[in-house]
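>>> Coordinates only, no sequence provided:
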Ligand SMILES: Nc1ncnc2c1ncn2[C@@H]1O[C@H](COP(=O)(O)OP(=O)(O)OP(=O)(O)O)[C@@H](O)[C@H]1O
Ligand SMILES: Cc1ncc(COP(=O)(O)O)c(N)n1
């Protein structure tokens, strides 16, 4: 039986982040990828130049259509674009039994802006995220900018990551996974998982590459793939960290600025022999 994972996310025309990163990660993690597109962005390594949001009822319709017919083993969010879309997603997830304390685990990646600093939702989106999605999350996976947006806390070191995890847990998610990519002075890259009682530090090397576009999406989608395959949250978090460490280690330059992390490292070596 092939497991399936659903991404509720925006399209990145550059193929580095967004639903493209999620589907590529799902593929290399051995799960069938399902998609509810929330927005189409006009994006390259220089930034997000334009976008068109999908009508909320079409976003909700995609979630319900695949859940009713194909089944969803785990779901995640990426760019959600607006407060209206977030409300529609929350209602559709309830109908599809997706969320904490429900049948289908739900990873909420609170993507607020692209790495170039372009906002991917508005103020109404932030309020809806706090009210509608954080309490429904099995795992919340913020980066340090999103920690500041959601809690007002500025994190400059590992101890503050623990404080931030406690503050975020109070907003409703079952688990919080705080990502450490932005602590560039730290020689290691140690993400923190917190369940309301215990902390698990997810250790990994910090690679010197500038090419980290899509790292956050890749971490959250590998975690989601692990959950879809039946792993516990701590096990899936370790799997996600292992996956993204390798993806950053194998990232590549493309375009004028920050290049993508790689999911290719998990693919089998080329077997086709021309003329063979
Ligand atoms: N230079 C690096 N070396 C190793 N791992 C990294 C590096 N940068 C980020 N990571 C890992 O990638 C994941 C994403 O981290 P980050 O905090 O950068 O999230 P993000 O800002 O959402 O990502 P991005 O905006 O780059 O897609 C985390 O698991 C983090 O540990
Ligand atoms: C459609 C879409 N979704 C998510 C991101 C965030 O990814 P990053 O932080 O790597 O820019 C993005 N840039 N575009």
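Alright, I've got the coordinates. All values derive from a computational prediction rather than experimental measurement. Residues are numbered from 1 along each chain as shown. Ligands and ions are numbered 1, 2, ... in the order given.

>>> ok, residues contacting stretch 263-271?
For stretch 263-271, the surrounding residues in contact (C-beta atoms under 8 Å, 6 or more residues apart in numbering) are 21, 24-25, 27-29, 218, 243, 246-247, 249-250. Every residue, glycine included, has its C-beta placed from N, CA and C.

>>> okay, how far is it across it, tip to tip?
From its first residue to its last, stretch 263-271 covers 18 Å (C-alpha to C-alpha, to the nearest Å).

>>> Kindly report the same for stretch 177-190.
Span of stretch 177-190 from end to end, C-alpha to C-alpha: 11 Å.

>>> Mind listing what's buried along it?
Within stretch 177-190, the residues that count as buried by 16 or more other C-beta atoms under 10 Å are 177-181, 183, 189-190.

>>> quick one: which of those is nearest ligand 1?
Closest to ligand 1 out of these is residue 181 (2.0 Å), distances taken as C-beta to the nearest ligand atom.

>>> and that closest one, how far is that from residue 145?
10 Å (C-beta to C-beta, to the nearest Å).

>>> Now for residue 234, how many residues are close by?
Residue 234 sits with 14 neighbouring residues when counted by other C-beta atoms under 10 Å.

>>> Just to check, it is in contact with residue 200?
Yes: judged on C-beta atoms under 8 Å, residue 234 makes contact with residue 200 at a distance of 5.8 Å.

>>> shared neighbours of the two, anything?
Taking C-beta under 8 Å, 6+ apart as the contact rule, residue 234 and residue 200 both touch residue 193.

>>> Get me the contact residues on the stretch 101-250 of the chain for ligand 2.
Selection of the stretch 101-250 of the chain residues close to ligand 2 by C-beta under 6 Å from any ligand atom yields 111, 114-115, 213-214, 216-217.

>>> need the residues of the stretch 1-150 of the chain near ligand 1, please.
So the stretch 1-150 of the chain meets ligand 1 at 17, 115, 143 (C-beta under 6 Å from any ligand atom).

>>> Any chance of a ChimeraX selection covering the buried ones in these?
A single ChimeraX command selects the buried members of these (16+ other C-beta under 10 Å):
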select :17,115,143
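
>>> Rebuild the residues of the stretch 1-150 of the chain next to ligand 1 as CSV, extending it with secondary structure, pLDDT and distance to residue 81.
Putting those into CSV (DSSP: H, G, I helix; E, B strand; the rest coil; pLDDT from 0 to 100; distance: C-beta to C-beta, whole Å) gives the following:
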residue, secondary structure, pLDDT, distance to residue 81
17, coil, 97, 14
115, coil, 83, 17
143, coil, 97, 18
